[in-house]
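[1] build me a model from this:
(chains A and B)
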Amino acid sequence: MRLYNTLGRTKQEFTPQHGNAVSMYVCGITAYDYCHIGHARSAVVFDVLVRYLRFKGYDVTFVRNFTDVDDKIIKRANEVGVPSQEIAEKFIGEFYVDMDALSVLRADVEPKCTEHIDEMITLTQGLIESGHAYATPSGDVYFKVRSFPDYGKLSGRNIEDLVSGARVDPGEEKLDPLDFALWKAAKPGEPSWESPWGLGRPGWHLECSAMSEKYMPLPLDIHGGGQDLSFPHHENEIAQSEAATGKEFAKFWVHNGFVQINSEKMSKSLGNFFTIRDILAKFLPETLRYFLLTMHYRSPLDFSFDSLEEAEKGVRRIYTALAQVDAALAGTKWSKTPLPQDILDEQAGYEQGFVDAFEDDLNSAAALGHLFGMVRLAGRILDDKGYRKAEAGRDLLVRIRAEVAKWSTVLGVFGLEPETFLASLKTCRAGRAGIEPAKVDALLADRLEARKNKDFARSDAIRDELAAMQVEVKDTPQGQAWDVL
RNA sequence: GGCGGCAUAGCCAAGUGGUAAGGCAGAGGUCUGCAAAACCUCCAUCCUCCGGUUCAAAUCCGGAUGCCGCCUCCA
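    Numbering: from 1, shown residues only, chains lettered A, B, ... in the order given. Modelled structure (predicted):
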């Protein structure tokens, strides 16, 4: 497959270095708060990448870390008045709740920073010995950026450009403003560990270098993360790891685009901030996951509840079609009517298109287009009285159903029983609209009575009343049904 | 100031130099007591603007305009 590599800024053919094995490291969360929609996007994007690589038959080792000691965690802990480790553990637990809801698979290894202090100390020591880092009198250790000539190769910056933006905070003892902390001397009230430089804790960038190398050989096949991490976090990881090992750190750098609100960055200070829970209070997890896949992973994604509602309609359309296909396949009598070749060709085209889309830089948005094509084709078969009862028509529906099932394992969407999903969706939408099902049922009973008496005026009046409640009545062969308007 | 990204129909959105996927909305139709739902069909001669390269450009190059991101913690 072709993958966009930030290192080089081009799509490149992805081939694992060692046969079938793929090593992939993705920067996980800093556990200090509930996950927001941006975390959801990153998690889903890389989840789909892992699922697709496995689908292609690769043996993927996927490592995703937890940052469980960090300034933000400590700050939060101090506000609440509990140990920082307690905050980290709580939000790691909450991370799993959200990710499980979104069908994001667990990584093979999920290392925590605090469990790899020794590795980080060893790495830092090595960097000091080789002249790439230095300790200060107060017990900090900094990486000497100018000792690493390739610094800036990922983000396309050169050292001179960076000088103007760099700054030294009061109290720092950097030899050069560009240098960044590998190890921070302990301050009162902070968690700390023994080290050759006294009590302290690791800097943020260090952990990914230490943990990725521990679990996978360098160079990594793929290193991923959000676009914002490319500088300075990933740049610093490269500097640390390559300076320490002399090996290339990662072959492919994959970065997902940001989630925006009204084309602006989401941030707590702007008040345009949505957690995964905020969204799942109103929408099904599968709707959110589908929504995230309707845009290419590198594009900025503008989030709004209106777009989510649109996505919800899309998911419903697919599941509704699948339910109808399943119902038709329950039939038993089949004719010998053949299907025209162009219909078979069309289906083959969608199947190929789906693969091609994923092969071209994980283009889930294009792939979903082909899925809709298949579903439309199924609709045409079902709509044709001859085809829907023909063996050839049945075979095509079976083929479409199998294709959807196959891709649902990659997308992590459309894998449920259609009727189960549609029932959940109805409950979800009714809840959002504030509809009381008992009240609806009572009115429907009255309407049924009126219809038995052919009192259509009364029947229609009740229908209007229900419509005012956002309830839409449908008269089906099986009787009355309702849905949310 | 430095680095980078994006501009495609009413809205969302894919698009790898060869003649504009898909979704939502909208219109027509089938069905229905009438509806709704569902399904079918239709819906951009054109891709922000101006130049250029090419037999051929939404796609490549140059310029303009607008929006956004990174350079400080950030998915």
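[2] going forward, measure contacts and count neighbours with C-alpha atoms only.
    Noted.
[3] quick one, longest helix in chain A?
    Taking DSSP state H as the criterion, chain A has its longest helix at helix A:305-329.
[4] check which helix or strand covers A:K174.
    When elements are assigned from DSSP states H and E, A:K174 belongs to no helix and no strand.
[5] for A:R429, what are its contacts?
    The contact partners of A:R429, taken as C-alpha atoms under 8 Å, 6 or more residues apart in numbering, are A:282-283, A:484.
[6] swap that for A:A468, please
    Counting by C-alpha under 8 Å, 6+ apart, A:A468 has no contacts.
[7] the contacts of A:R429 into a markdown table, with extra columns for pLDDT and secondary structure?
    As requested, those are exported to a markdown table (pLDDT from 0 to 100; DSSP: H, G, I helix; E, B strand; the rest coil):
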| residue | pLDDT | secondary structure |
| --- | --- | --- |
| A:K282 | 95 | coil |
| A:F283 | 97 | coil |
| A:V484 | 91 | strand |
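[8] can you flag the buried ones in the residues you listed?
    By neighbour count, with 16 or more other C-alpha atoms under 10 Å, those hold A:283, A:484 as buried.
[9] out of the contacts of A:R429, which touch RNA strand B?
    The overlap between the contacts of A:R429 and the neighbours of RNA strand B (C-alpha under 7 Å from any atom of the strand) is empty.
[10] ok, now which ones touch the nearest residue to A:A133 once chain neighbours are set aside?
    Leaving aside its sequence neighbours, A:A133 sits nearest to A:F143 (C-alpha to C-alpha, 6 or more residues apart in numbering; 4.3 Å). Residues in contact with A:F143 (C-alpha under 8 Å, 6+ apart) are A:127, A:132-134, A:179-182, A:240.
[11] interface residues of the stretch 301-450 of chain A facing RNA strand B?
    Counting by C-alpha under 7 Å from any atom of the strand, the stretch 301-450 of chain A comes close to RNA strand B at A:301-302, A:307, A:310-311, A:313-314, A:317-318, A:320-321, A:356-357, A:363, A:365-370, A:372-373, A:375-380, A:382-383.
[12] in helices only, show me the residues you listed.
    Short answer: these in helices (DSSP H) are A:307, A:310-311, A:313-314, A:317-318, A:320-321, A:356-357, A:365-370, A:372-373, A:375-380, A:382-383.
[13] buried subset of those residues, written for PyMOL?
    PyMOL command restricting these to the buried ones, with burial defined by 16+ other C-alpha under 10 Å:
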select buried, chain A and resi 311+314+317+318+320+321+356+357+365+366+367+368+369+370+372+373+375+377+378+379+382
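[14] what's the domain layout of chain A?
    As given by automatic domain parsing, the domain ranges for chain A are A:2-278, A:305-416, A:434-484.
[15] what about the shortest one, distance to the chain center?
    A distance of 40 Å separates the centroid of the chain from that of domain A:434-484, by C-alpha atoms, centre = their mean, to the nearest Å.
[16] what's the answer for the first one, then?
    Taking the mean of its C-alpha atoms, domain A:2-278 sits 17 Å from the chain's own mean (C-alpha atoms, centre = their mean).
[17] ok so, going back, between the domains of chain A, which one is closest to A:C428.
    domain A:434-484 (9.7 Å; C-alpha to C-alpha).
[18] check the stretch 201-350 of chain A for the residue nearest RNA strand B and tell me.
    Nearest to RNA strand B, among the residues of the stretch 201-350 of chain A, is A:G226, at 2.7 Å (C-alpha to the nearest atom of the strand).
[19] correction: the stretch 1-150 of chain A
    For the stretch 1-150 of chain A, C-alpha to the nearest atom of the strand, closest residue to RNA strand B: A:G38, 3.5 Å.
[20] isn't that residue right up against A:G257?
    No - the pair A:G38 and A:G257 does not pass the contact test of C-alpha atoms under 8 Å, sitting 9.1 Å apart.
[21] quick revisit: could you dump the contacts of A:F143 into TSV and include neighbour count, distance to RNA strand B and secondary structure?
    Below are the contacts of A:F143 laid out as TSV (neighbours: other C-alpha atoms under 10 Å; distance: C-alpha to the nearest atom of the strand, whole Å; DSSP: H, G, I helix; E, B strand; the rest coil):
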residue	neighbour count	distance to RNA strand B	secondary structure
A:L127	23	20	helix
A:H132	21	19	coil
A:A133	23	17	strand
A:Y134	23	18	strand
A:D179	22	10	coil
A:F180	20	8	strand
A:A181	22	9	strand
A:L182	26	12	strand
A:Q240	28	15	helix
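[22] for A:E89, state which of the residues you listed is nearest.
    Using C-alpha to C-alpha, A:L182 comes nearest to A:E89 of these, at 23.5 Å.
[23] related to what we said a few turns ago, quick one, the longest helix of chain A and helix A:364-383 angle?
    Computed by axes from the mean of the first three to the mean of the last three C-alpha atoms, to 10 degrees, the angle separating helix A:305-329 from helix A:364-383 equals 40 degrees.
[24] now helix A:305-329: average pLDDT?
    Helix A:305-329 carries an average pLDDT of 95.
[25] any low-confidence regions in the stretch 151-300 of chain A?
    Residues of the stretch 151-300 of chain A that meet the criterion pLDDT under 70 lie in A:164-171.
[26] residue ranges of the strands in it, please?
    Along the stretch 151-300 of chain A, counting by DSSP state E, counting those that start in this stretch, strands occupy A:180-185, A:200-202, A:220-226, A:250-256, A:259-261, A:264-265.
[27] do the same with the stretch 351-485 of chain A
    Here the stretch 351-485 of chain A has its strands, by DSSP E, counting those that start in this stretch, at A:471-476, A:479-484.
[28] list the pairing partners of the last one within its sheet, with orientation.
    Using DSSP bridges, the neighbouring strands of strand A:479-484 in the sheet come out as strand A:471-476 (antiparallel).
[29] and the strand it pairs with, what's buried?
    For strand A:471-476, by 16+ other C-alpha under 10 Å, it's A:471-473.
[30] for the stretch 151-300 of chain A, what lies in contact range of RNA strand B?
    Residues of the stretch 151-300 of chain A lying close to RNA strand B (C-alpha under 7 Å from any atom of the strand) are A:155-157, A:161-162, A:164-167, A:204, A:225-229, A:231-233, A:256-260, A:263-266, A:294-296, A:299-300.
[31] which among the residues you listed end up buried?
    A:155, A:204, A:225-227, A:229, A:233, A:256-260, A:266, A:294-296, A:300.
[32] so where is the stretch 1-150 of chain A shaky, pLDDT-wise?
    Applying pLDDT under 70 to the stretch 1-150 of chain A flags no residue at all.
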